[in-house]
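Enquirer: The following block contains a protein sequence and its predicted model.
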Amino acid sequence: MVSIDYINEYIRNTIKKNTGILLELEDFAKENHVPIIHPEVAALLKVITLSHKPSNVLEIGTAIGYSSILLSSFLEPGGKIDTIDRYELMLERAKENIKKANVEHTINIIQGDALEVIKCINKQYDMIFLDAAKGQYPEFLPECLRLLKNGGLLISDNVLYKGMIANDTLVVRRKRTIVNRLRIYLDEICSTDELETSIIPIGDGVAISYKK
């Protein structure tokens, strides 16, 4: 996490808690060390999705289906989510969770390497949530821009990577390549004329980019 611990604790104790299937998945993720979005990031996604009301969402990185289930409650009526992941064990768990949440008609799971799958998609999305392999974010960007509608949002999670992106003294040697590639990604989404981007230091860092 990139924020001060006591601030994170205050935020998490203050924001509305999830119930039902989302709470179950939070408990499962904690017990089984499965990475899902932080509670404060989940709250931000709720507000963004409620205000933007997307009809078509692309999620890159499914894991156990937590974030796609979260987003499914706030789409435009009849909206759909395509979510991509390569790990069969995770996807089996995600399918079970999506069925349990009764949103299997809203969420479409695509199994495969996301960098390969995304190149084969030829539809436009109102919102893209990027939460996949951080070292590949620069490779995802051109395809995300191609698939994102004008006026759409690209939301990128984990972009500050435990503070290492902003402070070289925190960089773990074996993570140097990921850090360098995330820095490239942030430079690109903040400098391209196609996007207006804000970087928010909650969770592990979230970037919100608006495509003009």
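Expert: Done, it's in.

Enquirer: ok, residues contacting the longest helix along the chain?
Expert: Criterion DSSP state H: the longest helix present in the chain is helix 176-191. Identification of contacts with helix 176-191 by CB atoms under 8 Å, 6 or more residues apart in numbering yields 134-138, 141, 154, 156, 159, 161, 164-165, 171, 195, 197, 199, 207, 209. Bear in mind the C-beta positions are built from the backbone N, C-alpha and C, glycine included.

Enquirer: Ok, stretch 71-84 next?
Expert: With CB under 8 Å, 6+ apart as the test, stretch 71-84 has contacts from 45-46, 49-50, 53-62, 65, 68, 94, 101, 103, 106-112, 114, 117-118, 121, 125, 129, 132.

Enquirer: Which ones among these lie within helices?
Expert: Here DSSP H is the test, and those give L45, K46, T49, L50, S68, A94, A114, V117, I118 as lying in helices.

Enquirer: Quick check on those residues: which are buried?
Expert: Using 16 or more other CB atoms under 10 Å as the burial test, these include L45, K46, T49, S68, A94, A114, V117, I118 as buried.

Enquirer: Pull out the buried members of the contacts of stretch 71-84.
Expert: Neighbour-count burial (16+ other CB under 10 Å) applied to the contacts of stretch 71-84 gives 45-46, 49, 54, 56-62, 65, 68, 94, 101, 103, 106-107, 109-111, 114, 117-118, 125, 129, 132.

Enquirer: Please report how far K212 lies from P201.
Expert: Distance of K212 to P201, given as CB to CB, to the nearest Å: 24 Å.

Enquirer: out of these two, which sits in the busier spot?
Expert: Taking neighbours as other CB atoms under 10 Å, K212 and P201 compare with P201 leading, 16 against 9.
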